[in-house]
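Asker: Fold the following, please.
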Amino acid sequence: MKEIIKEAANKLGIETIGMSNTTDYSHLEEFLLKRKNNNLDCEFEEGDVKKRINAKNLFPELRTIITVGLPYGEGYKIPSSGHKGLLSVSSHGEDYHKRVKSLLIKLAQEIMHHIDFKFSPCVDTSYLIDKEICKLAGLGNYGKNSLIINQNKGSFIYLGYLLTDIGAEPDAVIEEDICGTCNICVKACPNKAIFESGGINPKRCVSYLTQTKNYIPLEYRENVGRQIYGCDICQIVCPLNKEILNKETNEDYSDLLVDLKELIKMSNKDFISKYGPAAGSWRGRNIWKRNALISIGNLKLNSMFENVKAELQNPSDMIKIYAAWSLVKLNKSSGRDILYNNLKYENDDVKNEYLKLLEAEI
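Answerer: Predicted coordinates:
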């Protein structure tokens, strides 16, 4: 059966594929609970650890998990533009959720030429522990940045898997330490989110900060830079990605640049029309707009001072709070005068933020 599955994958051009019969991940329960107790989890995760550690909770008939890694980012160089925001390379082109899911379904259909079976495709949206599933199927091992690194494709691979009721021989798990003494990503991480011993503090990770709906502390905002969604720094500096990034490519990565002035003025309808097809668009216009305000401040786009000031009238407290920070970054004296004069009109949450900005060293 294993040969049939791999032959079907090969027919579809899938080079990175692995299988696992492991359905119980209780070996991670203590780690997940400790992470949760230390406030190192994030709001995108399923809160019920017990639910996450058994794949049969999602697919009771489960026998074999077929995992795939779809490469991306070949020849990627960060597009240069001093006045635009930036999306992670994972947002380039068609939404990878759709792309990988479509490929998984085609793979299932190809296998069905040989055997009838039940399946469920998963791409980054189930409550299961995707990276552990792919690791145990032999796709790679964890890098210090917590990403799965494949020996041939590096970490620039979209992960997906099919939960199936097929019985197939599993692939060998790669147990070797893939990073060794290398700590380049640890040093390069903008907010020092990667631990020396491996693993990350997501609350400091720029990629997480661009996605969270929670408050972004003042001390983390500068290092968000011009990121509107995601962050690629730890992958770009990784020596194991060098070959991928140095490949010749015809890909035009300019679609990752974001017009900040356009974005903060954009209606929700226009946002969906322009950015809806991108993988990062699921987070919605207001989160992108918040990140645009942070980017404007970090890029010192003084020509946008009046545009940012106008956002102090936004009905969203979140937008007001980050517009206030951006205003002070653009012009400390004028920005603080405006905030001081607006204090009497704001509710306690916004007022407290303004007071903080009036005293903070920014």
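
Asker: When you work out contacts or count neighbours from here on, use the C-alpha atoms and nothing else.
Answerer: Will do.

Asker: Tell me the confidence at R63?
Answerer: Predicted confidence (pLDDT) for R63: 97.

Asker: ditto for Y322
Answerer: pLDDT recorded at Y322 is 98.

Asker: before we move on, which element is it in?
Answerer: With elements taken from DSSP states H and E, the one containing Y322 is helix 317-330.

Asker: Check which helices and strands that helix is in contact with.
Answerer: Under the contact criterion of 3 or more CA pairs under 8 Å, 6 or more residues apart in numbering; DSSP states H and E, helix 317-330 touches helix 285-298, helix 305-310, helix 332-342, helix 348-359.

Asker: Quick check: which of the ones you listed is buried the most?
Answerer: Comparing those by mean neighbour count (mean count of other CA atoms under 10 Å), helix 285-298 ranks first with a mean of 25.

Asker: what's the angle from it to helix 317-330?
Answerer: Comparing the axes of helix 285-298 and helix 317-330 via axes from the mean of the first three to the mean of the last three CA atoms, to 10 degrees yields an angle of 10 degrees.

Asker: can you give me how far helix 285-298 is from the chain middle?
Answerer: 17 Å (CA atoms, centre = their mean, to the nearest Å).

Asker: what's it packed up against?
Answerer: The criterion is 3+ CA pairs under 8 Å, 6+ apart, and the helices and strands that helix 285-298 contacts are strand 227-229, helix 260-265, helix 317-330.

Asker: List the contacts of it.
Answerer: Residues from elsewhere that reach helix 285-298 (CA atoms under 8 Å, 6 or more residues apart in numbering): 85, 210-213, 221-222, 224-229, 260, 263-264, 268, 271, 304, 308, 318-319, 322-323, 325-330.

Asker: Now tell me what touches the longest helix anywhere in the chain from outside.
Answerer: When every helix of the chain is counted residue by residue (DSSP state H), the longest turns out to be helix 96-111. Counting contacts by CA under 8 Å, 6+ apart, the residues outside helix 96-111 that touch it are 4-5, 8-9, 12, 70, 90, 119, 121-124, 158-162, 279.

Asker: got the CA coordinates for that helix in PDB?
Answerer: Below are the C-alpha coordinates for helix 96-111, written out as PDB (Å, rounded to 0.1, in the frame of the first residue of the first chain):
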ATOM      1  CA  TYR A  96      -1.700  27.800   0.300                       C
ATOM      2  CA  HIS A  97      -4.700  26.500   2.400                       C
ATOM      3  CA  LYS A  98      -6.700  26.000  -0.800                       C
ATOM      4  CA  ARG A  99      -3.700  24.900  -2.800                       C
ATOM      5  CA  VAL A 100      -2.500  22.200  -0.400                       C
ATOM      6  CA  LYS A 101      -6.100  21.000   0.300                       C
ATOM      7  CA  SER A 102      -6.800  20.700  -3.400                       C
ATOM      8  CA  LEU A 103      -3.600  18.700  -3.800                       C
ATOM      9  CA  LEU A 104      -4.500  16.400  -0.900                       C
ATOM     10  CA  ILE A 105      -7.900  15.700  -2.400                       C
ATOM     11  CA  LYS A 106      -6.300  14.900  -5.800                       C
ATOM     12  CA  LEU A 107      -3.900  12.600  -4.000                       C
ATOM     13  CA  ALA A 108      -6.800  10.800  -2.300                       C
ATOM     14  CA  GLN A 109      -8.600  10.500  -5.600                       C
ATOM     15  CA  GLU A 110      -5.500   9.000  -7.300                       C
ATOM     16  CA  ILE A 111      -5.100   6.400  -4.500                       C
END
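
Asker: how about it: buried residues?
Answerer: Judged by neighbour count (16 or more other CA atoms under 10 Å), helix 96-111 contains these buried residues: 96-97, 100-101, 103-105, 107-108, 110-111.

Asker: Relative to L162, how far out is the residue lying closest to C205 once chain neighbours are set aside?
Answerer: The shortest distance from C205 to any non-neighbouring residue, by CA to CA, 6 or more residues apart in numbering, is to A193 (5.2 Å). Remark: distance between A193 and L162 (CA to CA, to the nearest Å) = 31 Å.

Asker: Settle it for me: which of those two has more neighbours?
Answerer: The residue with more neighbours, out of A193 and L162, is L162; 23 against 20, by other CA atoms under 10 Å.

Asker: and the strand or helix carrying that one, average pLDDT?
Answerer: Using DSSP H and E, L162 maps to strand 157-164. This predicted structure assigns strand 157-164 an average pLDDT of 98.

Asker: Which positions in whichever helix or strand comes after it come out as buried?
Answerer: Later in the chain than strand 157-164, the nearest helix or strand by DSSP H and E is helix 184-188. Neighbour-count burial for helix 184-188 flags 185-186, 188 (criterion: 16+ other CA under 10 Å).

Asker: now, which of the residues you listed sits nearest N347?
Answerer: The shortest approach to N347 among the buried residues of helix 184-188 belongs to A188, at 39.1 Å (CA to CA).

Asker: Just want to check the distance between T212 and W288.
Answerer: In this structure, T212 and W288 are separated by 11 Å, where distance is defined by CA to CA.
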